[in-house]
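In: Please find the sequence and the predicted model below.
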Amino acid sequence: MTTATTPELLTVPDVMAQLKLGRSKVYDLIRSRRLVSIKIDGARRIPADAIRDFVLGQIEEAA
């Protein structure tokens with residue numbers, strides 16, 4: 001359930017599909033802190049807002 005105060009959390013495969021990137025590249029982005037993520041009992045999750053922020057940052061860099 002997603003509410004106004006609870007962001008949607010995505011798995012690495014979800015992010016791979018959205019960004020059309022491979023698993024290693026997604027983990028590279030997480031490791032380099034270009035893509036925000038959290039760990040919940042060892043499971044890596046990425047807030048949906050983090051993907052939007054990442055894409056917007058990439059657009060700004062390209063401009």
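Out: Great, that's in hand.
In: Please enumerate the strands of this protein.
Out: Taking DSSP state E, the strands of the chain run over residues 9-10, 38-40, 43-47.
In: State the pLDDT value of the residue lying closest to residue 23 once chain neighbours are set aside.
Out: Take residue 23 and drop its neighbours on the chain: the residue closest to it by C-beta to C-beta, 6 or more residues apart in numbering is residue 16, 6.0 Å away. All C-beta spots, glycine's among them, are computed from the backbone N, C-alpha and C. Here the pLDDT value assigned to residue 16 is 97.
In: Residue 16 contacts residue 27, correct?
Out: No. Counting by C-beta atoms under 8 Å, residue 27 is not a contact partner of residue 16; they are 9.9 Å apart.
In: Run a quick neighbour tally on residue 63.
Out: Applying other C-beta atoms under 10 Å, we find 5 residues neighbouring residue 63.
In: do residue 19 as well
Out: Neighbours around residue 19, by other C-beta under 10 Å: 16.
In: That one and residue 26 touch, don't they?
Out: Yes. Assessed by C-beta under 8 Å, residue 19 is found in contact with residue 26 at 7.1 Å.
In: As a quick check, tell me the outermost residue of this structure.
Out: Within the chain, the residue lying farthest from the chain centre (C-alpha atoms, centre = their mean) is residue 63, at 21.7 Å.
In: how much space between that one and residue 23?
Out: Between residue 63 and residue 23 the computed distance is 29 Å (C-beta to C-beta, to the nearest Å).
In: Can you list the low-confidence ranges for this protein?
Out: Counting by pLDDT under 70, the chain shows low-confidence ranges at 1-6.
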